[in-house]
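In: Quick check, what structure comes out for this input:
(2 chains)
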Amino acid sequence: MKNTLFLLTAALLGSAGAQKVTLDLWAHWGSEQRRPTINRIIDTWNKKNPNIQVKYTFVPFDQLPTKTLAAIAAKNPPDVVVIDIRTTTLRAAKNQASNLSKLGADKLQNQFYPNLWSTATYKGDQYGLPFVTDSRFLYYNKDLFKEVGLNPAKPPTTWAELEADAKKLDKKTGPVYQRIGFHPLYGSFGLESWVSNAGGSMWDEDRVNPRFANPTAVKTLTWIKDWTDRLGARNVQAFKSSFGSGAQDPFISGKLGMIIDIGGYAATLKKYAPNLNYGMVRIPTPTGQPGPGTSSGGGFNLEVPVGTKHPKEAFAFARWMATEGARIWAQEQNDFPGAKNASLSVTSPAFRMMSANMKYTEVTPAPPYAPSYGTLLDKATEDTVYRGQDPKQALEEANTQVQRLVNSNK
Amino acid sequence: MSRASSPPLPRRQSLNGRQREALWGYLFIAPWLIGFLCFVLGPMLFSLYASFTNYDITSRFDWVGVRNYVQLLTQDSRFWKALSNTAYYAVFAVPLGIATGLLIALLLNQEVRGQRLFRTIFFLPKVLTGVAVLLLWLWVFNPQVGLINTALYRLGVNENNLPLWFSDPAWSKPALIIMSMWAAAGGFMFYLAALKGVPRDLYESAQIDGASPWRQFWAVTVPLISPVIFFKLITGISGAMQFWSESLILTKGGPSDSTLFYGLYIWQTAFTDLRMGYASAMAWILLLITLAITGLQLWFSRRWVHYEGEVR
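Out: Below you'll find the model as predicted:
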């Protein structure tokens, strides 16, 4: 509407100047911490590009997917959107995200980390540009290591070492645990991540059909179950319910000796526990050798929704945002950017570790035909670990349900 | 509309009392009626059509006949799980909610000092809503440090027998039902208004006949406020059938799908899996179930609901 009015006025005045467009950018950054940075990024672009002005709209995180979907369905979408990295292929399959290869995205490929670039590749074409991501690490409390007679300079590198160290760190008064050394499902590393860590996958090669009951998955789930049985399923659950955030964080308060969390957790520790003596290392694997799936990450892609009136301008901005914009974002927000060059400008140790860990980090996109598979997999995991179901049987049941979802959605 | 039935007479005179009343009736419901016709009926019919397609909002919209319905009823175990969870919730939450509201209304109908203050306090659940309150409940039900488990522990329940509430499939629904009673307590206003309307002389006659307070309650109070109870029953059941936002925020349907309510499953199917056609079919099944239950209730109501002003 605004544009039409503008064009009309321009035509009436007979001015021949370049046509000015206004792009709508939607993202979930609205907090005091995030807002100034996104504003700075937009201002920088707007000053350089008087003819392509960007207007930023904050949409709350949990509403962003549905609002974007509704806007696309109503044929009035934002021109660029920052959206969950794991579901880009779904939106590509459903004709919601524009094919950026047609706008020349393919030649940008080597500017981005390959594990992130591939999250937005669907049937050989590119449907998004990686903006930010993360990578997970094992954090361990060096003081507690010393307390129980472990060498703080020798963190665990294999699953066996992890379990042995964890056992030493457990602390019990009577029947009640005061401290649990480590539990595979505490922190942000689920069954699927552990299976990747063990070198397996929950999917067939095209990531379309589920292969939940494969030997690696069954073995991994059994490993988690045995770990839980040793502590007592009830204890593991009850203990978890006492976890808080901020200064009540279980790792900060010493309730856990080790935990897996994203690289950005180092900033949390700096803020709430500046004196905590901790180490940050690669996540242990069964053999001690790292592989492409040793760690896992998430993050956000930039997409151009189908139906935008200015695809070329939108892509130009998305491209700048994913590279130059990401540089500003990384410097101010400490989130790890998807563009390689943007990550070089930050020199904090945690950042450099993340950079080095990228080749061992898998960002697993949700399969395009069963985006809600996670709920079913979680159920199988919990039923096994906490409620005594047989690992193989639970995984097979979940597999059947997800396969049905895939078949009916194809 | 009356013009058709009326010969040459002027319009004003053609409206007899009944017609005039009907006209006023329609006028009063007009805002709702217009809203329904403009904003609800269209989407409803659209979703009815969509329920026979593989609609995914953006890329396809093909007729698949009754496939969605057949799949739901014969293959989808989560559909039955969601339906039984919802039924479980309705069976307990609705009667308990009515009992709680009525009990509190009876207490707040007593003449004691500071009654206004109590009424204000008990009305708070209606004023306080939203995510903040739900997160507060999460702490109340916290297995380790929550109010409820602390109280149970003090009462002598063994540490290993304390419910894990939202972490245990057996206790997650009871926890939500207990939560809902708190909100239902705020509904006492309806009952209180009805209680105030019960003529005092009926109680006096009953007392003269020697009726105990308990007997008075069942023979006088309940019949006379039965229209309000009936209203709360109808709205309560249809509300319970659509109950799910709490589970989205608190449990995401877990643990083990124990709080996967019908609405949550519809929402997940429509907006996570993008199977809008399938979700529409689910919505229509729910509508049919709710209609059937409401019809049954209306039929049964003739046996127990008493309208004081009714001419029989």
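In: Touching the longest helix that chain A contains from outside, list them.
Out: Longest helix in chain A, counting residues (DSSP state H): helix A:391-409. With CB atoms under 8 Å, 6 or more residues apart in numbering or on different chains as the test, helix A:391-409 has contacts from A:208-213, A:217-218, A:221-222, A:225, A:367, A:369-370, A:372-373, A:376-377, A:379-381, A:383-384, B:56, B:71, B:75-78, B:273-275, B:278. All C-beta spots, glycine's among them, are computed from the backbone N, C-alpha and C.
In: Over to stretch B:201-221?
Out: Against stretch B:201-221 from outside (CB under 8 Å, 6+ apart): B:L106, B:L195, B:V198, B:L224.
In: which residues are there in chain A that come within reach of chain B?
Out: Within chain A, the positions near chain B by CB under 8 Å from any CB of the partner chain are A:65-66, A:69, A:72-73, A:90, A:93-96, A:175-176, A:234, A:237-242, A:306, A:370-372, A:375, A:378-379, A:382-383, A:386-387, A:401, A:404-405, A:408-409.
In: Please narrow the residues you listed to those residing in strands.
Out: Mapping those onto strands (DSSP state E) picks out A:V176.
In: from the contacts of stretch B:201-221, which is closest to A:W203?
Out: Using CB to CB, B:L106 comes nearest to A:W203 of the contacts of stretch B:201-221, at 59.6 Å.
In: so the closest one makes contact with B:A194?
Out: No: the criterion here is CB atoms under 8 Å, and B:L106 misses it with B:A194 at 11.1 Å.
In: These two - which one has more neighbours?
Out: More crowded of B:L106 and B:A194, by other CB atoms under 10 Å in any protein chain shown: B:A194, with 20 against 15.
In: Contact partners for A:G291?
Out: Taking CB under 8 Å, 6+ apart as the test, what A:G291 contacts is A:N197, A:G199, A:T285, A:Y360.
In: Verify the assumption that it is located in a helix.
Out: No: counting by DSSP: H, G, I helix; E, B strand; the rest coil, A:G291 falls outside a helix, being coil.
In: Tell me how far it lies from chain B.
Out: Look at A:G291 and chain B: by CB to the nearest CB, to the nearest Å, they are 30 Å apart.
In: for chain B, which spans come out with low pLDDT?
Out: Residues of chain B meeting the criterion pLDDT under 70: B:1-13, B:310-312.
In: Show me what from it comes close to chain A.
Out: For chain B, the contact set with chain A under CB under 8 Å from any CB comprises B:56-59, B:71, B:75-78, B:142-145, B:159-160, B:164, B:167-169, B:252-257, B:268-269, B:271-275, B:278.
In: And those residues, which of them are buried?
Out: B:56-58, B:71, B:76, B:78, B:142-144, B:164, B:167-169, B:253-257, B:268-269, B:271-275, B:278 (16 or more other CB atoms under 10 Å in any protein chain shown).
In: sorry, back to before: from the residues of chain B next to chain A, which ones fall inside helices?
Out: The helices, defined by DSSP H, take in B:Q71, B:S77, B:R78, B:P169, B:Y278 from these.
In: list the contacts for the third one?
Out: Under the criterion of CB under 8 Å, 6+ apart, the contact list for B:R78 reads A:Q401, B:D257, B:L260, B:Y265.
In: The fourth one too?
Out: Contacts for B:P169 were tallied using CB under 8 Å, 6+ apart; they are A:R387, B:P255, B:S256, B:D257, B:S258.
In: count of neighbours near residue 248?
Out: I'll assume chain A. Using other CB under 10 Å, A:Q248 has 12 neighbouring residues.
In: let's do chain B instead
Out: 17.
In: Could you verify that it is part of a helix?
Out: Yes: B:L248: assigned to a helix according to three-state DSSP.
In: Give me the PyMOL select line for the contacts of A:G291, limited to the buried ones.
Out: Entered in PyMOL, the line below selects the buried ones among the contacts of A:G291, by 16+ other CB under 10 Å:
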select buried, chain A and resi 197+285+360
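In: Between the contacts of A:G291, which sits nearest chain B?
Out: A:N197 (23.4 Å; CB to the nearest CB).
In: hang on, isn't the closest one packed against A:T285?
Out: Yes: in this structure, A:N197 is within contact of A:T285 by CB under 8 Å, at 5.7 Å.
In: Please enumerate the shared neighbours of the two.
Out: The contact sets of A:N197 and A:T285 overlap at A:G291, A:T294 (CB under 8 Å, 6+ apart).
In: Where in chain A is the helix or strand with the lowest mean pLDDT?
Out: Lowest by mean pLDDT, DSSP states H and E among the helices and strands of chain A is helix A:2-13, with a mean of 48.
In: Can you name the next helix or strand after it?
Out: Going down the chain from helix A:2-13, the next helix or strand is strand A:21-27, by DSSP states H and E.
In: What pairs with that next one, parallel or antiparallel?
Out: Next to strand A:21-27 in the sheet, as set by DSSP bridges, lie strand A:52-58 (parallel), strand A:80-84 (parallel).
In: Turn the ones you listed into TSV, including mean pLDDT and mean neighbour count.
Out: Below are these laid out as TSV (pLDDT from 0 to 100; neighbours: other CB atoms under 10 Å in any protein chain shown):
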stretch	mean pLDDT	mean neighbour count
strand A:52-58	95	17
strand A:80-84	96	26
